[in-house]
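A.B. asks: Whatever this is, show me its structure:
(chains A, B, C and D)
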4 protein chains.
Amino acid sequence: MTPDYPRGATGLLLVDPYNDFLSEGGKIWPRVQAIAEANGLIANLKAIADTVRGAGMRVFYAPHRRWEPGDYEDWAHPNPTQRAIMHRHSFARGEWGGDWHPDFIPQPGDVIAKEHWAQSGFASTDLDQQLRQHGISHVILIGLLANTCIESTARYAMEIGYHVTLVRDATAAFSEEMMHAAHVLNGPTYAHAILSTAELLAALSRESG
Amino acid sequence: MTPDYPRGATGLLLVDPYNDFLSEGGKIWPRVQAIAEANGLIANLKAIADTVRGAGMRVFYAPHRRWEPGDYEDWAHPNPTQRAIMHRHSFARGEWGGDWHPDFIPQPGDVIAKEHWAQSGFASTDLDQQLRQHGISHVILIGLLANTCIESTARYAMEIGYHVTLVRDATAAFSEEMMHAAHVLNGPTYAHAILSTAELLAALSRESG
Amino acid sequence: MTPDYPRGATGLLLVDPYNDFLSEGGKIWPRVQAIAEANGLIANLKAIADTVRGAGMRVFYAPHRRWEPGDYEDWAHPNPTQRAIMHRHSFARGEWGGDWHPDFIPQPGDVIAKEHWAQSGFASTDLDQQLRQHGISHVILIGLLANTCIESTARYAMEIGYHVTLVRDATAAFSEEMMHAAHVLNGPTYAHAILSTAELLAALSRESG
Amino acid sequence: MTPDYPRGATGLLLVDPYNDFLSEGGKIWPRVQAIAEANGLIANLKAIADTVRGAGMRVFYAPHRRWEPGDYEDWAHPNPTQRAIMHRHSFARGEWGGDWHPDFIPQPGDVIAKEHWAQSGFASTDLDQQLRQHGISHVILIGLLANTCIESTARYAMEIGYHVTLVRDATAAFSEEMMHAAHVLNGPTYAHAILSTAELLAALSRESG
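C.D. replies: This is a model prediction of the structure:
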């Protein structure tokens, strides 16, 4: 059973829609390409964002820190991903890889939360406060990666009282077993709904009907 | 390579060591028993706690909410696990299932953080503040379950700047693939070290030697 | 102009209504008595709580840590108030001073947040999550002290997106200039409304009419 | 008695050193000028920052949101100060008023936390995580305003376990009674030390001696 998505209280969280993740030539695209293409990821992200905006609901960007020279170098405990970023410079600020994928340029009325340093879009950012100041109680998470930023953001959202929806084919990961972990093993312990894009679109159109 | 564990700055987080999880007759024991026994879980938890205390390091309990009548009933969005708890009454307050397993009774000098409502020992509790007021920068997480409370607590710990160690055979889960997800798929993206109990004990004795 | 208080989204925060603060013979009562009596504090607190409950709105208790032996002794940086509490044992657990004032015993349906260690009812507690899980966006703060726990709780509430109401004569402090600081100097920079009890009751009855 | 400031664990928080606050011609300068000049504010801020950097300690900027068109307009509950900023455009991004005062340009090695939306430099920012990743347990707060951003940032710092120092003549406010409220009425309830610039410099030089 799909939940109801109250129009004034539902927010779409678009996580890390950067060229490095989503575009041919992006630094991380080769690692997600197989699953992204099998899922129809770009088309699904687009359909969801369009439907959400068309229904008068709001889109919130939860963007990863764009790498800058010096990042993490004087931190006591950068995590393994951050140590990798120090070498590969993912999402570099001011470069194409750290730009929004052309299909996911923020639109007027969208809210861009502060950049997150690690995995959770809520940690050390204003995402929670922005959601509240816009009256949001229900969040739908789409973007990348299913088992890292999406999962950490979703786990946090649940802890602080949001209704949390994951969308199986509006995300990707480096392997099928990571997708399985995100949506079959872990997601059902904390997420209020785990839907396909088709199921979500049906629920949203019902709401906006 | 195992990290160094500075004596005054290392804390052991013992997550949810309740009879319902760890004792014959516990409500959830049947679901973790196979992995717990294969891992030597009880012996490993005990060895780590004893070694930590013997080394003059501090143990912090991160306990799950003990179920009370009415819990979650008037909440807007209890999560799937919380809805299950409303029926099975896991960790009921005042009952044997919600008591500490007899091998893991808090000792003088241990700190018992406030109970967490969901998965993260940090969410809506004083765990972070207690760790800080005791000067802790490095946390070692043991207890249950690998892919839910341990993982959410560890993800949070990383986000707020702790050095995070997972211990593969000092935890358990409902299935081997959940263990695999926790330690092979997800853990390496956020944890600073993922050790066996033997590796951890060696590192701790090196430190306390 | 008094704000509207939406019935399903307004919560009353009752801060630290302990005998030590509010009752003849309480450890801190002598320091607040002059202002409390001049304000009609007890009667005002009671009138507000009764009206809120009568209007079908919810009361949330934000209680201070009840002192226990050993409190703060192994903390790196107890604050000045906490150091004082180590000597005077304010709000001692299990003693009369740490009991609720008899007029402010929690009623069925009330929510009791976890105890706060210092001044803010939100810090290291589940108050925020409890408010959210009950759909609250507007908080009204009453209780003690105007310039410490009430002010810190109110400042936090504002930061995380709540609509915040202070009530000038439903609180007290150690001196008139502290009351002036709370309601004339500082409150107007962060609070959305600063009312008298009479103004608040009028607004609430308008809402519940 | 002044505290010790451990070199590797002490951070200076420089709050909102913008032209609008500190420079002749700034939008808010006329309201703080009397106290700032009486205090020798600019000279004191400079002396402290120089001494801290000279002692090999780190400076953390905690900057207020620079106003942008549209700010707060679609928020449910902007606070009174935010509503005022919607009109007066304090700290406008890209304008002189929102630039750093020329004496307080960030230097190599300084950390600039994310901008805060309201009063607390910790709320909805990465200040806490940045402090931790640099090993800071002691914070010294200087800048503006004594009873708003400095006080809220300091109250938060205390709640999450920092050792907190205020500096009476390295801040300012709109009136003497606000200064009195910050340093005589409220500060002593939560701050671990309230010093003059001279006392702080003596303590720092002792440390770095």
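A.B. asks: Could you list which residues are in contact with residue A:22?
C.D. replies: By C-beta atoms under 8 Å, 6 or more residues apart in numbering or on different chains, residue A:22 lies in contact with A:29, A:36, A:41-42, A:101, A:104, A:144. Every residue, glycine included, has its C-beta placed from N, CA and C.
A.B. asks: do that again at 7 Å, thanks
C.D. replies: A:29, A:42, A:101 (C-beta atoms under 7 Å, 6 or more residues apart in numbering or on different chains).
A.B. asks: do residue A:97 as well
C.D. replies: Residue A:97 neighbours (C-beta under 7 Å, 6+ apart): A:18-20, A:26-27, A:90-91.
A.B. asks: what do you get if the cut-off is 8 Å, keeping everything else the same?
C.D. replies: Residue A:97 makes contact with A:18-20, A:26-27, A:89-91, according to C-beta under 8 Å, 6+ apart.
A.B. asks: do residue A:137 as well
C.D. replies: Listed by C-beta under 8 Å, 6+ apart, the contact set of residue A:137 reads A:6, A:9-10, A:161-163, B:76-77, C:132, C:135.
A.B. asks: Can you say which of those are buried?
C.D. replies: Those of the contacts of residue A:137 that meet the buried threshold are A:9-10, A:161-163, B:77, C:132, C:135, by 16 or more other C-beta atoms under 10 Å in any protein chain shown.
A.B. asks: What about those, which are in strands?
C.D. replies: Counting by DSSP state E, the buried ones among the contacts of residue A:137 place A:10, A:163 in strands.
A.B. asks: and which of the buried ones among the contacts of residue A:137 is nearest chain D?
C.D. replies: Using C-beta to the nearest C-beta, the shortest approach to chain D within these belongs to residue A:9, at 11.4 Å.
A.B. asks: Test my guess that that closest one contacts residue A:135.
C.D. replies: Yes - if you go by C-beta atoms under 8 Å, residue A:9 and residue A:135 touch, sitting 5.7 Å apart.
A.B. asks: Quickly list what the residue nearest to residue A:3 when sequence neighbours are not counted is bridged to.
C.D. replies: Of all residues not flanking residue A:3 in the chain, residue A:193 sits nearest, at 5.1 Å (C-beta to C-beta, 6 or more residues apart in numbering or on different chains). For residue A:193, the beta-bridge partners under DSSP bridges are residue A:165.
A.B. asks: Pull the contacting residues for residue A:193.
C.D. replies: Contacts of residue A:193 (C-beta under 8 Å, 6+ apart): A:2-3, A:163-166.
A.B. asks: Now the buried members of these.
C.D. replies: For the contacts of residue A:193, a burial check counting by 16+ other C-beta under 10 Å picks out A:3, A:163-166.
A.B. asks: Could you save those as a markdown table and add columns showing pLDDT and distance to residue D:200?
C.D. replies: Below are those laid out as a markdown table (pLDDT from 0 to 100; distance: C-beta to C-beta, whole Å):
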| residue | pLDDT | distance to residue D:200 |
| --- | --- | --- |
| A:3 | 91 | 55 |
| A:163 | 98 | 49 |
| A:164 | 98 | 47 |
| A:165 | 98 | 51 |
| A:166 | 98 | 51 |
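A.B. asks: between these, which is closest to residue C:181?
C.D. replies: Distances from residue C:181 to the buried ones among the contacts of residue A:193, taken as C-beta to C-beta, are shortest for residue A:163 (40.3 Å).
A.B. asks: Residue A:74 - nearest residue in space that isn't next to it in sequence?
C.D. replies: Closest residue to residue A:74 apart from its sequence neighbours, by C-beta to C-beta, 6+ apart: residue D:134 at 6.8 Å.
A.B. asks: How about residue A:11?
C.D. replies: Leaving aside its sequence neighbours, residue A:11 sits nearest to residue A:136 (C-beta to C-beta, 6+ apart; 3.9 Å).
A.B. asks: Now do the same for that neighbour: its pLDDT.
C.D. replies: We have a pLDDT of 98 for residue A:136.
A.B. asks: surely it meets residue A:10?
C.D. replies: Yes - using C-beta under 8 Å, residue A:136 is in contact with residue A:10, at 6.8 Å.
A.B. asks: contacting residues around residue A:128?
C.D. replies: A:122, A:160, C:160-161, D:124.
A.B. asks: next helix or strand past the helix or strand containing it?
C.D. replies: Residue A:128 belongs to helix A:127-133 when assigned by DSSP states H and E. Using DSSP H and E, the helix or strand that directly follows helix A:127-133 along the chain is strand A:138-144.
A.B. asks: Could you point out the helix or strand that follows that next one?
C.D. replies: Downstream of strand A:138-144, the first helix or strand assigned by DSSP H and E is helix A:149-159.
A.B. asks: For chain A, which residues are neighbours of chain B?
C.D. replies: Contact residues, chain A versus chain B (C-beta under 8 Å from any C-beta of the partner chain): A:76-77, A:79-81, A:117-120, A:123-124, A:137, A:147-148, A:151-152, A:155-156, A:158-164, A:175, A:177-178, A:180-181, A:185-186, A:188-192.
A.B. asks: coming back round to it: next, give me the two most distant ones among the contacts of residue A:193.
C.D. replies: Farthest pair in these (C-beta to C-beta) is A:2 and A:164. Separation: 13.6 Å.
A.B. asks: And for the residue nearest to residue A:109 when sequence neighbours are not counted, the neighbour number?
C.D. replies: Sequence neighbours aside, residue A:58 is the residue nearest to residue A:109 in space, at 6.5 Å (criterion: C-beta to C-beta, 6+ apart). Neighbour count for residue A:58, taken as other C-beta atoms under 10 Å in any protein chain shown: 20.
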